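Student: Generate a structure from the sequence data that follows.
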Amino acid sequence: MRLSKGTIYAVNGLMTLASMKSAGPVQLKDIASAKNLPANYLAKIFGQLARAKILRSYRGARRGFMLARPVQQITLLNIYEAVEGPMEASDSLLETGKKRGKGDTKFIKRWERAMKVITKELNGITLKDLV
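Tutor: You can find the predicted model right below:
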């Protein structure tokens, strides 16, 4: 599991947008400047969040972003997976069908248990908890 700048910017950008409590779309430049985030990078991340249906993107005269669902329905797990991809072990050691020794099996079982705890915790924290 990794926590990239992209995920940190996503959380900060979403917290900023949620705290603005705007009735309409908010322009990306306003969100970026409120937290001093790089607008070009935030645009890429917000595109990922829109594809994950966390944000709605508007073009034209009303261009900008709005939350696609209420803050209490957006979890840190949703945000993490929108930016990083599914929360899963990616190491070749953990691939199914690979011959493992006893030590490997113990490690894998503990790793999987730890990932379940982390997933549960991230799924229990909403954007509302952070704003």
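Student: which residues in the protein form helices?
Tutor: 5-20, 28-35, 39-51, 76-84, 102-123, 127-130 (DSSP state H).
Student: Check the gap between the closest residue to Thr126 other than its chain neighbours and Leu130 for me.
Tutor: Closest residue in space to Thr126, ignoring its immediate chain neighbours: Gln72 at 5.1 Å, by Cβ to Cβ, 6 or more residues apart in numbering. Just so you know, the C-beta spots here come from the backbone N, C-alpha and C atoms, and that holds for glycine as well. For Gln72, the distance to Leu130 (Cβ to Cβ, to the nearest Å) stands at 11 Å.
Student: The two: who's more crowded?
Tutor: The neighbour count for Gln72 versus Leu130, taken as other Cβ atoms under 10 Å, is higher for Leu130 (16 against 10).
Student: Can you give me every residue that contacts that one?
Tutor: Neighbouring residues of Leu130 by Cβ atoms under 8 Å, 6 or more residues apart in numbering: 11, 15.
Student: which sections of the chain are below the confidence cut-off?
Tutor: Counting by pLDDT under 70, the chain has low-confidence residues at 1, 89-103.
Student: Give me the most central residue, it.
Tutor: Taking Cα atoms, centre = their mean as the criterion, Ile79 is the residue nearest the geometric centre of the chain, at 1.8 Å.
Student: list the contacts for the residue nearest to that one when sequence neighbours are not counted?
Tutor: Nearest non-adjacent residue to Ile79, counting by Cβ to Cβ, 6+ apart: Ala10, 5.3 Å away. If a contact means Cβ under 8 Å, 6+ apart, then Ala10 has 45-46, 48-49, 79, 82-83 as its contacts.
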